[in-house]
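**Student:** with the sequence up front, the predicted model follows.
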Amino acid sequence: MSRINDFRIICEDAKRDGAFSEGDEVAGLVSFNLSKETKVKSVSVKLKGSGQVYWTEGIGDDETSYSASKRYLKVKEYLVVEKTEGSVLPQGTNQFKFRLQIPQEDLPSSFKGMHGSIVYTVEAQICRKWHLDSTVQKEIQFLSKSIRNTRQVVCPQSNSITEKIGVFSKGEVHMTASVNRSVCSPGDKLIAFAKISNGSSKSMKPKFSLQQKTVYVAGGSKNITDSLCKKVGDTIKPNSQETVSCTINVPPDAIYTLNNCDLVSVEYYLKVYLDISFAVDPVVVFPLIIAPAVAPNRCEELGPYPGGPAGPPSSSGFSSAAAYPSEFNPEPISTGACGYPTLEDEPPSYHSLFSNGQE
């Protein structure tokens, strides 16, 4: 029977949102019970961070395996200093306080995915002569300052595309798309808009998709793209013009953007496109950053809202993108003084282009 029982690490909570960052101290207690007086070589505690990726491609004789690993962090403190003659610890409960500081260097956030992980742990170890080392670990969450300090002001994006229809039809399609912000948090709502001028003889459907792209790197690279939220609009008829809006929900469990790691990266983007059969789909892509929530910034810090002008419908048949609700925005929306969508009374007339978001 082992002399060492109830060996555990008790960590103090992180000061912010359950995660530690560069420069923080990880403090706590290493505790264990000895069934009798015991001589040990040393008792130590380590703060470690490492990443690994792995995957296989092909089958049989053509199967190729890829893997890579990297140590990002190792800080060690002796709680009982290593001595040649050893140190005698008393029977009963032994407890040692520790305090380990994370270096200020840029480190990647904790991550767990299909083909890899970045894990930070506190590890305690008891070394005895002629015995296997006794080890216990406790995982902690780490969040890089590079993403924690991302400033969450409303930074709208706008872009447009014109596409000529192929040999199965004639005419061209023009789309101007906008999204209300470029930085958001898990659980947030993105509001996207699209002005569509269908000057062709084809019908088409507008689609909005929030996508996550994860790239694993180990000699080669493994790219995985997941659609986190997708909305599909009603059909836009040939030779017509429409303006649509849509609310995209950022999943509450979405992991933060990861862009400072050489083994794995996580990026997000909003894809706005028109689904046209037997033709190239016009696509506008907006890169997004998902970061921790922060206190709202003052209104005057927000810039103008490009691509989403407010105002009554124009003679062209296009109304302000922000003036159009949809099934996903049951209340009409318009742009306030800061250019950010606010709820107002329903405009005199509108046409919601969206039905149930199924293809």
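**Tutor:** Received, thanks. Numbers count the residues shown, from 1 in each chain.

**Student:** how about the helices in the protein?
**Tutor:** 145-148 (DSSP state H).

**Student:** how is it divided into domains?
**Tutor:** Split into domains by automatic domain parsing, the chain comes to 4-148, 157-343.

**Student:** just the endpoints, please. Distance across the first one?
**Tutor:** Distances were taken as CA to CA, to the nearest Å; on that basis the terminal residues of domain 4-148 are 40 Å apart.

**Student:** can you tell me the closest non-neighbouring residue to the most centrally placed residue in the chain?
**Tutor:** For the chain, Tyr256 is the residue whose C-alpha lies nearest the centre (CA atoms, centre = their mean; 2.7 Å). Of all residues not flanking Tyr256 in the chain, Ile147 sits nearest, at 5.1 Å (CB to CB, 6 or more residues apart in numbering). For glycine as for every other residue, the C-beta is placed from the backbone atoms N, C-alpha and C.

**Student:** could you do Lys76 as well?
**Tutor:** Distances taken as CB to CB, 6+ apart put Lys46 closest to Lys76, at 4.7 Å, once the chain neighbours are dropped.

**Student:** what distance do you get for that neighbour to Leu73?
**Tutor:** 10 Å (CB to CB, to the nearest Å).

**Student:** where in the stretch 251-359 of the chain is pLDDT low?
**Tutor:** 294-359 (pLDDT under 70).

**Student:** how about a cut-off of 90?
**Tutor:** By pLDDT under 90, the low-scoring segments of the stretch 251-359 of the chain are 277-281, 293-359.

**Student:** do the stretch 101-250 of the chain as well
**Tutor:** Low-confidence segments of the stretch 101-250 of the chain, defined by pLDDT under 90: 149-171, 201.

**Student:** how about a cut-off of 80?
**Tutor:** 151-155, 165-170 (pLDDT under 80).

**Student:** in it, which spans are strands?
**Tutor:** With DSSP state E, counting those that start in this stretch, the ranges of strands along the stretch 101-250 of the chain come out as 111-113, 116-127, 134-140, 157-164, 172-179, 183-184, 189-198, 205-218, 220-232, 240-249.

**Student:** between those strands, which gets nearest to Lys15?
**Tutor:** strand 134-140 (12.5 Å; CB to CB).

**Student:** quick check: angle from the closest one to strand 116-127?
**Tutor:** Counting by axes from the mean of the first three to the mean of the last three CA atoms, to 10 degrees, strand 134-140 lies at 140 degrees to strand 116-127.

**Student:** so what strands line up beside strand 134-140?
**Tutor:** According to DSSP bridges, strand 134-140 forms sheet pairs with strand 116-127 (antiparallel).

**Student:** if you count neighbours, what's buried in stretch 132-140?
**Tutor:** Buried residues in stretch 132-140, counted by 16 or more other CB atoms under 10 Å: 134, 136, 140.

**Student:** same check on stretch 72-90?
**Tutor:** Buried-residue list, stretch 72-90, by 16+ other CB under 10 Å: 72-73, 79-80, 86, 89.

**Student:** so which residues make contact with stretch 9-22?
**Tutor:** Contacts of stretch 9-22 with the rest of the structure, by CB atoms under 8 Å, 6 or more residues apart in numbering, involve 24, 26-31, 45, 102-107, 109-110, 120, 122, 124, 136-138, 140-145, 148, 292.

**Student:** before we move on, the earlier item: burial check on the residue nearest to Tyr256, number of neighbours?
**Tutor:** If you count neighbours by other CB atoms under 10 Å, Ile147 ends up with 20.

**Student:** repeat that for Gln125.
**Tutor:** Count around Gln125 with other CB under 10 Å applied: 18.

**Student:** cool, Thr38 as well?
**Tutor:** Around Thr38 there are 19 residues (other CB under 10 Å).

**Student:** and the gap between it and Val80?
**Tutor:** Distance from Thr38 to Val80, by CB to CB: 11 Å.

**Student:** and for the two, which residues touch both?
**Tutor:** Common neighbours of Thr38 and Val80 (criterion: CB under 8 Å, 6+ apart): Leu89.

**Student:** what is the neighbour count of the residue nearest to Ser277 when sequence neighbours are not counted?
**Tutor:** Using CB to CB, 6+ apart and skipping residues adjacent in sequence, the residue nearest Ser277 is Lys202, 7.2 Å away. Neighbour count of Lys202, defined by other CB under 10 Å: 21.

**Student:** stretch 254-273: which residues count as buried?
**Tutor:** By 16+ other CB under 10 Å, the buried positions in stretch 254-273 come out as 254-258, 261, 263-268, 270-273.

**Student:** wait, stretch 3-15
**Tutor:** In stretch 3-15, counting by 16+ other CB under 10 Å, buried: 3-4, 7, 9, 11, 14.

**Student:** what would these look like in JSON lines with distance to Ser65 and pLDDT?
**Tutor:** Shown next, in JSON lines, are the buried residues of stretch 3-15 (distance: CB to CB, whole Å; pLDDT from 0 to 100):
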{"residue": "Arg3", "distance to Ser65": "42", "pLDDT": "92"}
{"residue": "Ile4", "distance to Ser65": "38", "pLDDT": "96"}
{"residue": "Phe7", "distance to Ser65": "36", "pLDDT": "98"}
{"residue": "Ile9", "distance to Ser65": "34", "pLDDT": "98"}
{"residue": "Cys11", "distance to Ser65": "36", "pLDDT": "96"}
{"residue": "Ala14", "distance to Ser65": "36", "pLDDT": "91"}
